[in-house]
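> Pasted the sequence and its predicted model underneath.
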Amino acid sequence: RKEVEQDPGPFNVPEGATVAFNCTYSNSASQSFFWYRQDCRKEPKLLMSVYSSGNEDGRFTAQLNRASQYISLLIRDSKLSDSATYLCVAPGREGGSQGNLIFGKGTKLSVKP
Amino acid sequence: ETGVTQSPTHLIKTRGQQVTLRCSSQSGHNTVSWYQQALGQGPQFIFQYYREEENGRGNFPPRFSGLQFPNYSSELNVNALELDDSALYLCASSLQGNNQPQHFGDGTRLSIL
């Protein structure tokens, strides 16, 4: 299993739709996770941190299932401005890669009028 | 609060040359991580610096090296450039620790001809 694996996408949804992205991770010792948003040719920007079972911030909800090593991101009432690539991130393994973040390849979301 | 700044924004080099990329960390952050992002991929961890020492390294050859200075700013040096080194190079700063989210600069887009 890859360290962090995401839905391949792309997701094309109408405005107002609810969309969910899934992500699996391989390091069972990971304690914290992140979702980043990356616009085309821009840097990743932190969207949410997930330290326990989940986190909610407005229209965005992240859920963590440690038993299944699975993280999800739910976006409700999609806006045109939500169009971006969403990156699932988990901490790297201890030892040689201490302190680094492992990024998934990202899932592209396009919200259409 | 000053965010992460990187320079230069764009750079064109030829094979075999050497390059130095620079990063100033966000105020209050003591840790700097460098990532390489190829087109269509998630960022790949190169290495991290904390207390002016390398604090973890990804799967990159020794011709990728770095420095961190007492003011927490950092440099990434790449020797003997290869065509495959063409990518967006991202610097991220944070506090030390696997649970700490990282905040990215705008990146340096490096093209190798």
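Noted; the coordinates are in hand. Residues are numbered from 1 along each chain as shown, chains lettered A, B, ... in the order given.
> wait, what's in contact with the closest residue to residue B:63 other than its chain neighbours?
Spatially, and ignoring its direct neighbours in sequence, residue B:63 is nearest to residue B:79 (4.3 Å; Cβ to Cβ, 6 or more residues apart in numbering or on different chains). Quick note: C-beta positions are derived from backbone N, CA and C, even for glycine. Taking Cβ atoms under 8 Å, 6 or more residues apart in numbering or on different chains, we find residue B:79 in contact with B:18, B:63, B:65.
> from those, which would you call buried?
residue B:65 (16 or more other Cβ atoms under 10 Å in any protein chain shown).
> now, which of the contacts of residue B:79 lie within helices?
Assigned to helices by DSSP state H, none of these qualify.
> Specify which member of the contacts of residue B:79 is nearest to chain A.
Closest approach between the contacts of residue B:79 and chain A, by Cβ to the nearest Cβ: residue B:65, at 16.0 Å.
> Is the closest residue to that closest one other than its chain neighbours in a helix, a strand, or coil?
In space, and not counting its chain neighbours, residue B:65 is closest to residue B:77: 4.9 Å by Cβ to Cβ, 6+ apart. Here residue B:77 is recorded as strand under DSSP: H, G, I helix; E, B strand; the rest coil.
> does residue B:77 really touch residue B:34, like I thought?
No - taking contacts as Cβ atoms under 8 Å, residue B:77 lies outside contact range of residue B:34: 10.4 Å.
> I'd like to know how many residues surround the residue in chain B that chain A sits nearest to.
Nearest residue of chain B to chain A (Cβ to the nearest Cβ) works out as residue B:42 at 3.4 Å. Residues lying near residue B:42 (other Cβ atoms under 10 Å in any protein chain shown) number 22.
> Would you confirm that it contacts residue A:101?
No - at 9.7 Å, residue B:42 does not count as touching residue A:101 under the criterion of Cβ under 8 Å.
> what touches both of the two?
With Cβ under 8 Å, 6+ apart, residue B:42 and residue A:101 have no common neighbours.
> who are the neighbours in contact with the nearest residue to residue B:86 once chain neighbours are set aside?
Distances taken as Cβ to Cβ, 6+ apart put residue B:112 closest to residue B:86, at 4.7 Å, once the chain neighbours are dropped. Residues in contact with residue B:112 (Cβ under 8 Å, 6+ apart) are B:12, B:13, B:14, B:15, B:81, B:82, B:83, B:84, B:85, B:86.
> which residues does the residue lying closest to residue B:22 once chain neighbours are set aside contact?
Nearest residue to residue B:22, sequence neighbours excluded (Cβ to Cβ, 6+ apart): residue B:7, at 5.0 Å. Residues counted as contacts of residue B:7 (Cβ under 8 Å, 6+ apart) are B:21, B:22, B:108.
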